[in-house]
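S.K.: Just to be clear, the model below is a prediction. Sequence and coordinates:
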Amino acid sequence: MKKEQKHETDYIKKYQDEGFTSNFLFEDGVLLDSETKYAYQPNEIFIVAHHRYEGMSDPD
């Protein structure tokens, strides 16, 4: 059975191994490549996957 990734760092490693090596940040409403400072326009951005992370729940 394939090991499921449980943490953000597991997914970061998985996608880096697949060739996704750039890091991004939002600044002034623009998505920037943190190394090149290239500002991406909305029509240049494609979401290829998303993952949801939840912390421990304590209803008390």
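M.R.: Structure's in. What do you need? It should be emphasised that the depicted structure is a prediction, and the values quoted were computed from it without experimental measurement.
S.K.: Check which element follows the helix or strand of the chain with the lowest mean pLDDT along the chain.
M.R.: Sorting the helices and strands of the chain by mean pLDDT, DSSP states H and E puts helix 8-17 at the bottom, at a mean of 91. The C-terminal neighbour of helix 8-17 among helices and strands, as given by DSSP states H and E, is strand 24-27.
S.K.: Direction included, what does that following strand pair up with?
M.R.: Looking at strand 24-27 with DSSP bridges, its paired strands and their directions are strand 30-33 (antiparallel).
S.K.: Please name every helix or strand in contact with the helix or strand just after the strand it pairs with.
M.R.: On the C-terminal side of strand 30-33, the closest following helix or strand by DSSP H and E is strand 39-40. The helices and strands touching strand 39-40, judged by 3 or more Cβ pairs under 8 Å, 6 or more residues apart in numbering; DSSP states H and E, are strand 30-33. All C-beta atoms are positioned from the backbone trio N, CA, C, and that covers glycine.
S.K.: ok, and what's touching the strand it packs on?
M.R.: With Cβ atoms under 8 Å, 6 or more residues apart in numbering as the contact definition, strand 30-33 has outside contacts at 22-26, 38-40, 45.
S.K.: average pLDDT across it?
M.R.: Averaging pLDDT along strand 30-33 gives 95.
S.K.: can you check stretch 36-48 too?
M.R.: The predicted model assigns stretch 36-48 a mean pLDDT of 93.
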